[in-house]
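K.L.:
Sequence and predicted structure below; questions after.
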Amino acid sequence: MDFVMKQALGGATKDMGKMLGGEEEKDPDAQKKEEERQEALRQQEEERKAKHARMEAEREKVRQQIRDKYGLKKKEEKEAEEKAALEQPCEGSLTRPKKAIPAGCGDEEDEEEESILDTVLKYLPGPLQDMFKK
């Protein structure tokens, strides 16, 4: 009967003993094997990353050859140029920033306009001059 039971359960008899409260068999080299396995996994990951880096470098080389052949620019270069173009003030633009107003413009124009107005007032007759001064 014992033989039939072992055959039916297969290799699970060891696990059955553990579940029933038996002691586990400890492998003396388990720690060493686990470290070796972890090191092997780490090494495989490094090799995989190196392989992908080489493949990407080759792809970038081909991309650059195509860009050179057809006079194309990288996406980053295009964005940088567009951004620089937006920052540059356009000459004659109505929406230019205040920094772009040339020196000599601005407050001085108001003074010139007042001096022109004063000049015109000098040539007007007396009663009209009084009306404009008020």
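P.N.:
Nice, thanks for sending it over. Quantities reported herein were computed from a predicted structural model and do not represent experimental measurements.

K.L.:
alpha carbons only for contacts and neighbour counts from here, please
P.N.:
Fine.

K.L.:
gap between E81 and R67?
P.N.:
17 Å (CA to CA, to the nearest Å).

K.L.:
Tell me how many other residues surround E87.
P.N.:
Residues lying near E87 (other CA atoms under 10 Å) number 11.

K.L.:
To clarify, my last question referred to L121.
P.N.:
Counted with other CA under 10 Å, L121 comes out at 16.

K.L.:
again with the one 3 residues further on
P.N.:
A total of 12 residues lie near L124 under the criterion other CA under 10 Å.

K.L.:
With L117 as the reference, measure out to it.
P.N.:
Per CA to CA, L124 is found 11 Å from L117.

K.L.:
SS state for D27?
P.N.:
The three-state label given to D27 by DSSP: H, G, I helix; E, B strand; the rest coil is coil.

K.L.:
State the phi and psi torsions of it.
P.N.:
Note on D27: backbone dihedrals following degrees, to the nearest 10 are phi -90, psi 120.

K.L.:
How many residues are close by it?
P.N.:
9.

K.L.:
Kindly report the same for the one 10 residues further on.
P.N.:
R37 has 12 neighbouring residues, counting by other CA under 10 Å.

K.L.:
so who does it touch?
P.N.:
Contact criterion CA atoms under 8 Å, 6 or more residues apart in numbering gives no residues in contact with R37.

K.L.:
Adjust the sequence numbering to begin at 308 for everything that follows.
P.N.:
With 308 as the first residue, the last one maps to R344.

K.L.:
For I373, see how far away M362 is.
P.N.:
Distance from M362 to I373, by CA to CA: 17 Å.

K.L.:
Next secondary structure element downstream of the lowest-mean-pLDDT helix or strand in the chain?
P.N.:
Taking mean pLDDT, DSSP states H and E as the measure, helix 319-326 is the helix or strand of the chain with the lowest mean score, a mean of 62. The helix or strand immediately downstream of helix 319-326 is helix 337-377, counting by DSSP states H and E.
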